[in-house]
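> structural data only, the sequence is not supplied:
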């Protein structure tokens, strides 16, 4: 409702809201107030709503998969409610986003400080978990595994392949963010790992 109100109906909604709050206003007063308010509301439709534009990505749903479990755990949800109420509410928002078809942002506009912060906050734990998976995985099971260290290893290899297959331009764009978070080296192929890549999603 918010999205459509402040896109197609923005001008009308801005005028309606100002009249609703301020009572009868002549055009000289109404127009600038409505314009300022509509601009404020439209600003909330920026890339800050989702990580990479006006629609959720696999990144959001991946985070949601983990955070939704935290939100129902008695202890962890208590921590979220006390220290990260926006994160807690975000899980409620992501739970009902079917049919959102907004625009993607331009790649250069996606690498915001907020996205870099999310990556950096997860990188140490992810790197450690992936290193353990690499040590413990049975390489013969990587292609079909759906759980355990083999599945984590399979996911890591798929991420490495995605990074390796980027264009040189995209690599130049993303490398500083990944390097600053400590994930660049973790996502480089070692030895013959490229031969072990199995897709996670159907083509």
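All right, it came through fine. Everything quoted here is computed from the prediction, not taken from an experiment.

> looking at this structure, which helix or strand does the model trust least?
helix 2-5 (a mean of 63; mean pLDDT, DSSP states H and E).

> mind listing what's buried in the longest helix along the chain?
Assignment by DSSP state H gives helix 113-136 as the longest helix of the chain. For helix 113-136, a neighbour-count test (16 or more other CB atoms under 10 Å) marks 119, 123, 126, 127, 130, 133, 134 as buried. No exception for glycine: its C-beta is placed from N, CA and C like everyone else's.

> could the residues you listed go into a markdown table alongside pLDDT and distance to residue 141?
As requested, these are arranged in a markdown table below (pLDDT from 0 to 100; distance: CB to CB, whole Å):
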| residue | pLDDT | distance to residue 141 |
| --- | --- | --- |
| 119 | 90 | 29 |
| 123 | 87 | 26 |
| 126 | 85 | 21 |
| 127 | 82 | 22 |
| 130 | 82 | 16 |
| 133 | 83 | 12 |
| 134 | 79 | 13 |
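
> which one of those residues is nearest residue 176?
For the buried residues of helix 113-136, the minimum distance to residue 176 (CB to CB) is 11.4 Å, reached by residue 119.

> quick one: that closest one and residue 9, what's the gap?
With distances taken as CB to CB, to the nearest Å, residue 119 is found 36 Å from residue 9.

> so what secondary structure elements neighbour the longest helix of the chain?
Contacts defined by 3 or more CB pairs under 8 Å, 6 or more residues apart in numbering; DSSP states H and E place helix 113-136 against helix 148-164, helix 168-181.

> ranking those helices by burial, who's on top?
Compared across these, helix 148-164 shows the largest average neighbour count, a mean of 18 (mean count of other CB atoms under 10 Å).

> residues in contact with that one?
Applying CB atoms under 8 Å, 6 or more residues apart in numbering, the external contacts of helix 148-164 come out as 129-130, 132-134, 136-139, 141-143, 145, 171, 174, 178, 186-189, 193-194, 196-200.

> low pLDDT regions in this protein?
The model of the chain has pLDDT under 70 over residues 1-8, 43-48, 98, 202-203.

> with adjacent residues omitted, what lies nearest to residue 178?
Nearest non-adjacent residue to residue 178, counting by CB to CB, 6 or more residues apart in numbering: residue 184, 4.3 Å away.

> is it true that that neighbour touches residue 174?
No. Here residue 184 does not reach residue 174: they are 9.0 Å apart, not a contact under CB atoms under 8 Å.

> sorry, back to before: how about the buried residues of helix 113-136, which pair is most distant?
Between any two of these, the greatest separation by CB to CB is 20.0 Å, found for 119 and 134.

> sec struct for the closest residue to residue 131 other than its chain neighbours, please.
Counting by CB to CB, 6+ apart, residue 131 lies nearest to residue 186, which is 7.8 Å off, once chain neighbours are set aside. With DSSP: H, G, I helix; E, B strand; the rest coil as the basis, residue 186 sits in helix.
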